[in-house]
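1. Got a predicted structure plus its sequence, pasted below:
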Amino acid sequence: MKRRRLGGSGITVSEICMGTMTFGSQCDEQLSFRIMDRAWDAGIDFLDAAEMYPVPPTAEAFGRTEEIVGRWMKTRPRESVIVATKITGPAHGWFVPPVRHGHSALDRVQIVRAVEASLRRLQTDYIDLYQTHWPDHGARYEDVLEPLTQLVRQGKIRAIGCSNETCWGVMKSLAAAEKFDLCRYDTIQNNFSLINRRCESELAQVCRRENISLLPFSPLGGGVLTGKYRNADPPGARFTEYRKLGERQQRLAERFLNDRTRETVSRLSVIAEDLGISLTALSVAWSKQHDFVASTIIGATTVEQLEESLAADNLILDQETLRRINEIDEAIPNPMKEDGLRRL
């Protein structure tokens, strides 16, 4: 599998990353190990976790994913695995996570304690990439970057990144890093897929000009781009269940799954069929073909699902295929109803 650099850091990773947010909930430990073993055999050496995983996040399950990943990492030489994890964002914003009794924050005390706790759960003495799960736009960026920088200098973190961040936030962080001689973010992990192409505009320019790598999550649009929702809402699927829950989950389901996204998927399916590949392979290949993307994060709840995404390895979409995809985007721009960053 091809490798790419994370920003301006010294770290290179496989161009497909194994997302782990289902490990400990939808996937028990045995199945999680099977998925990671298969990913490893396919050449994936990059794992992405978070202290808040698995999803849906609960106080009881908090940290379980990191524990599973940590036990699996013991089966491989430590330096051969690139592990990323995240500190939970502030609790006073769009979402109150079940972390630190509903008082999570991005300050020195919580950052240091979160890193130490993740190191224990992962059973390692360093984290390759440490990320803020979402930003605190009311706080000073230097107050976030300073403790992260100290942890880098102590050898507990190799590189830092952000997630669910805006272009404004990235540039503010870079300005603070330059002004106060602090470490800069090398990566940004945002939602990016064939039904959410907003990263191709302003954020792509930031990534290219500032040498920051995008790590796209949800390249399959939360499963929408597998085609399983084309004709009906399948029982047990994520957004089928979300529609039965509270207002936040219902809004999230409508954001990903609506008439515009269904029509986009229908048209993309024709392209995939013409190429003789699955819609999943088409979607993952399209994501990793962008020059500002370092590694595309895939998820799986079965080994069979993982195989569908692995079919995108070494798959290069030609210019005619890209033209046909762009025609769909022009006809149905931004099918997802919002970009999810407006409330930050």
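-> On my side now, so go ahead.

2. Tell me which residues of the longest helix seen in the chain come out buried.
-> Looking across the chain with DSSP state H, the single longest helix is helix 259-275. Buried residues in helix 259-275, counted by 16 or more other C-beta atoms under 10 Å: Thr261, Arg262, Thr264, Val265, Leu268, Ser269, Ile271, Ala272, Leu275. The C-beta positions use only the backbone N, C-alpha and C, and glycine is treated the same way.

3. Dump these into JSON lines; add pLDDT as well.
-> JSON lines is the format used below for the buried residues of helix 259-275 (pLDDT from 0 to 100):
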{"residue": "Thr261", "pLDDT": "95"}
{"residue": "Arg262", "pLDDT": "93"}
{"residue": "Thr264", "pLDDT": "97"}
{"residue": "Val265", "pLDDT": "97"}
{"residue": "Leu268", "pLDDT": "98"}
{"residue": "Ser269", "pLDDT": "97"}
{"residue": "Ile271", "pLDDT": "98"}
{"residue": "Ala272", "pLDDT": "98"}
{"residue": "Leu275", "pLDDT": "98"}
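
4. just those now: which is nearest Gly169?
-> Thr261 (26.3 Å; C-beta to C-beta).

5. pretty sure that closest one is in contact with Gly222, am I right?
-> No - using C-beta atoms under 8 Å, Thr261 is not in contact with Gly222; the gap is 9.7 Å.

6. Okay, strands next: where are they in the stretch 51-200 of the chain?
-> 82-87, 127-132, 157-163, 187-189 (DSSP state E, counting those that start in this stretch).

7. Neighbouring strands of the shortest one in the sheet, and parallel or not?
-> This means strand 187-189. strand 157-163 (parallel), strand 213-214 (parallel) (DSSP bridges).

8. among these, which is nearest Val206?
-> Of all the strands paired with strand 187-189, it is strand 213-214 that lies closest to Val206, at 9.5 Å by C-beta to C-beta.

9. Contacts for the next helix-or-strand element following the closest one next, please.
-> Going down the chain from strand 213-214, the next helix or strand is helix 238-242, by DSSP states H and E. The contact list for helix 238-242, computed with C-beta atoms under 8 Å, 6 or more residues apart in numbering, reads Gly222, Gly223, Val224, Tyr229, Asp233, Pro234, Gln249, Gln250, Leu252, Ala253, Phe256, Leu257.

10. please redo it, this time with the cut-off set to 6 Å
-> Gly223, Asp233, Gln249, Leu252, Ala253, Leu257 (C-beta atoms under 6 Å, 6 or more residues apart in numbering).

11. With stretch 170-178 instead?
-> Here stretch 170-178 has contacts from Tyr141, Glu142, Leu145, Arg184, Tyr185, Val206, using C-beta under 6 Å, 6+ apart.
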